[in-house]
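Visitor: please work out how this folds:
(one chain, ligands or ions: 4)
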Amino acid sequence: MEKKKRMVGIWDVKHMFESSIIIFFVIGTLATTAVYYVNSDEQSPPVSHSAYVGDSLDGCDLFSGKWVHDNHSYPLYKELQCPYIPGEFSCGHYGRTDFKYQQWRWQPHGCNLPRFDDKKVLERLRGKRVIFVGDSVNRNQWLSMVCMLQSVIPLGLKKMQKTANVSLFTFKAFEYDVSIDFYWAPLLVESNADHPSNHKRNDRVINIDSIEKHARNWVNADILVFNSYLWWGTPTLKILYGSLADSKKYKIVGNHDGYEMVLAKWSNWLTTHINHRKTQSYFMSMTATHRRGADWGMQDNENCLNETEPVLKDNFWESGSDFKMMRILESSLDKLKARGVNVQLVNITQLTQYRKDAHPSIHRLFYSTLKAKQLSNPNGYADCTHWCLPGVPDTWNELLLAYILQRLE
Ligand SMILES: *[C@@H]1O[C@H](CO)[C@@H](O)[C@H](O)[C@H]1NC(C)=O
Ligand SMILES: *[C@@H]1O[C@H](CO)[C@@H](O)[C@H](O)[C@H]1NC(C)=O
Ligand SMILES: *[C@@H]1O[C@H](CO)[C@@H](O)[C@H](O)[C@H]1NC(C)=O
Ligand SMILES: *[C@@H]1O[C@H](CO)[C@@H](O)[C@H](O)[C@H]1NC(C)=O
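Guide: Ligands and ions are numbered 1, 2, ... in the order given. Sure thing, here's the model as predicted:
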């Protein structure tokens, strides 16, 4: 799944005065509104822009909407212009020749997303450190964020690096003093899948009392963006009490119970170790994995392979997404809120459901040589979990940035 080699290789006035102020604001508001109208499509319901002209996202559900083809505004960057896209996500480089999947804009039903402006984002993030914490889908999103921001930074004023012996990857933009990091912790607490590149295994073993090993690397972040979903896909897992080395005290629990237990540990850590006046925290919700073609009218043995169009049916839901996991996450975040800790859920689940066209499938780097038998059945090894870049994760970041920028005001 991960490979250090490639990552490391590239790291690299009174009345008059008052009225002029009012006019100033009116003009400012009109100008802002005009920008938001540029990309609205004619069929959308009456659009309310107040959510962004004012200073609140309240009142607009950014996560309920539809995908609109918009090859004028998208993609936000070009695959070839971003040197940080690893083989897993560089679909064009690995033979994908249809590019419509890069040209879709997420259109919330009640409002428009603010237009992405790389320089403005960097300016607002000046002096800040963002850390994405989670699994390979979060890494996918982190690299999307890096690609969205890196093109305005001249060579020599940016750097990609890996911290020795720690699962921490850092993108630095020196002139802005901005750091966009990724920390590999797919199950949040210590586990047998902690190595950032060598973590392929069929069993799941977690050390429930050890979150500090990872979390001590997160404490000085200004913005924390978590995810954890995919690695909870096995029916059961082994929970150790003690250390990974001394594995005598353990119990086997179902994945849902395990997820709830770990989120409780993570919540306790977050409550006691993070200054929530300084640090903004987010949790990305689970993403769709289009492994069953039957979900959208194909054969059961087909999947995201060769898909070039999104599903346009409202509220489409693919059978592989575990709704119960989502409920556990929501209730954990509700409990945190009751304790005064606000972790904003960035609810990208529904918007990913539609995007069967946006996965790498066979157009990516595979780290083991594919055998003739595998090659004869491309559906069998197609990657329908990750996302091509540029692509859908760029939208997750636009949603995330809508919250981050509002809170930095
Ligand atoms: C953009 O998409 C429209 C159809 O939606 C198409 O007619 C046009 O040729 C496309 N433009 C580019 C530059 O791809
Ligand atoms: C990293 O780990 C290796 C082997 O465990 C050790 O020899 C080395 O000193 C460590 N490096 C740092 C910077 O801690
Ligand atoms: C996918 O598309 C390729 C090229 O158009 C075609 O050769 C192949 O048979 C298709 N695979 C499936 C499983 O439909
Ligand atoms: C997230 O979105 C899904 C689908 O739109 C919805 O069912 C769910 O209730 C949302 N969760 C929250 C906490 O808003």
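Visitor: could you count how many residues lie near the residue of the stretch 1-150 of the chain found nearest ligand 3?
Guide: Ligand 3 sits closest to residue 97 of the stretch 1-150 of the chain, with a gap of 9.1 Å, by CB to the nearest ligand atom. Using the backbone N, CA and C atoms, a C-beta is placed for each residue, glycine as well. When neighbours are defined as other CB atoms under 10 Å, residue 97 has 8 of them.
Visitor: hmm, stretch 218-233 in reach of ligand 4?
Guide: No. Stretch 218-233 lies out of reach of ligand 4 by CB under 6 Å from any ligand atom, never closer than 13.4 Å.
Visitor: if we can go back for a sec, show the pLDDT at the residue of the stretch 1-150 of the chain closest to ligand 3.
Guide: Reported pLDDT at residue 97 in the predicted model: 97.
Visitor: from residue 352, how far out is it?
Guide: Distance of residue 97 to residue 352, given as CB to CB, to the nearest Å: 23 Å.
Visitor: Three-state assignment for the residue of the stretch 1-150 of the chain closest to ligand 3, please.
Guide: Following DSSP: H, G, I helix; E, B strand; the rest coil, residue 97 is assigned to coil.
Visitor: any idea how far residue 91 is from it?
Guide: To residue 91, residue 97 is 10 Å away according to CB to CB.
Visitor: now do residue 343
Guide: For residue 343, the distance to residue 91 (CB to CB) stands at 32 Å.
Visitor: over to residue 341?
Guide: 38 Å.
Visitor: neighbour-wise, which of these two wins?
Guide: More crowded of residue 341 and residue 91, by other CB under 10 Å: residue 91, with 30 against 16.
Visitor: pLDDT at that one, what is it?
Guide: We have a pLDDT of 98 for residue 91.
Visitor: tell me who's in contact with it.
Guide: 79, 360, 363, 364, 388, 389, 391 (CB atoms under 8 Å, 6 or more residues apart in numbering).
Visitor: now it: closest residue in space that isn't a chain neighbour?
Guide: Leaving out its chain neighbours, the residue that sits closest to residue 91 by CB to CB, 6 or more residues apart in numbering is residue 388, at 3.8 Å.
Visitor: equivalent analysis for residue 236, please.
Guide: Nearest residue to residue 236, sequence neighbours excluded (CB to CB, 6+ apart): residue 252, at 5.3 Å.
Visitor: what does residue 389 give?
Guide: Using CB to CB, 6+ apart, the nearest residue to residue 389 is residue 89, at 4.4 Å.
Visitor: any idea how far that neighbour is from residue 315?
Guide: 28 Å.
Visitor: and the two? Which one has more around it.
Guide: Neighbours were counted for residue 89 and for residue 315 using other CB under 10 Å; residue 89 has more, 30 against 8.
Visitor: which residues touch the more buried one?
Guide: Residue 89 sits next to 140, 143, 360, 364, 386, 387, 388, 389, 391 when contact means CB under 8 Å, 6+ apart.
Visitor: rerun at 7 Å
Guide: Contact analysis of residue 89 by CB atoms under 7 Å, 6 or more residues apart in numbering lists 140, 143, 360, 364, 386, 387, 388, 389.
Visitor: how far away is it from residue 252?
Guide: Computed as CB to CB, the residue 89 to residue 252 distance reads 35 Å.
Visitor: tell me which residue of the stretch 201-350 of the chain lies closest to ligand 3.
Guide: In the stretch 201-350 of the chain, the residue that lies nearest ligand 3 is residue 306 (3.8 Å; CB to the nearest ligand atom).
Visitor: count of residues packed around that residue?
Guide: 15.
Visitor: could you pull out the strands for the stretch 101-250 of the chain?
Guide: 104-108, 129-134, 158-162, 168-173, 178-184, 190-191, 205-207, 223-226, 236-240, 250-254 (DSSP state E, counting those that start in this stretch).
Visitor: what kind of secondary structure is residue 407 in?
Guide: What three-state DSSP gives for residue 407 is helix.
Visitor: that one against residue 280, yeah?
Guide: Yes. Judged on CB atoms under 7 Å, residue 407 makes contact with residue 280 at a distance of 5.5 Å.
Visitor: which of these two has more neighbours?
Guide: The neighbour comparison of residue 407 against residue 280 (other CB under 10 Å) goes to residue 280, with 21 against 13.
Visitor: for the more buried one, report the pLDDT, please.
Guide: At residue 280, the model reports a pLDDT of 97.
Visitor: and for the one 3 residues further on?
Guide: pLDDT recorded at residue 283 is 98.
Visitor: can you put the contacts of residue 91 in JSON lines and add secondary structure, pLDDT and neighbour count?
Guide: Shown next, in JSON lines, are those (DSSP: H, G, I helix; E, B strand; the rest coil; pLDDT from 0 to 100; neighbours: other CB atoms under 10 Å):
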{"residue": "79", "secondary structure": "helix", "pLDDT": "97", "neighbour count": "20"}
{"residue": "360", "secondary structure": "coil", "pLDDT": "98", "neighbour count": "27"}
{"residue": "363", "secondary structure": "coil", "pLDDT": "97", "neighbour count": "20"}
{"residue": "364", "secondary structure": "coil", "pLDDT": "97", "neighbour count": "22"}
{"residue": "388", "secondary structure": "coil", "pLDDT": "98", "neighbour count": "28"}
{"residue": "389", "secondary structure": "coil", "pLDDT": "98", "neighbour count": "30"}
{"residue": "391", "secondary structure": "coil", "pLDDT": "98", "neighbour count": "26"}
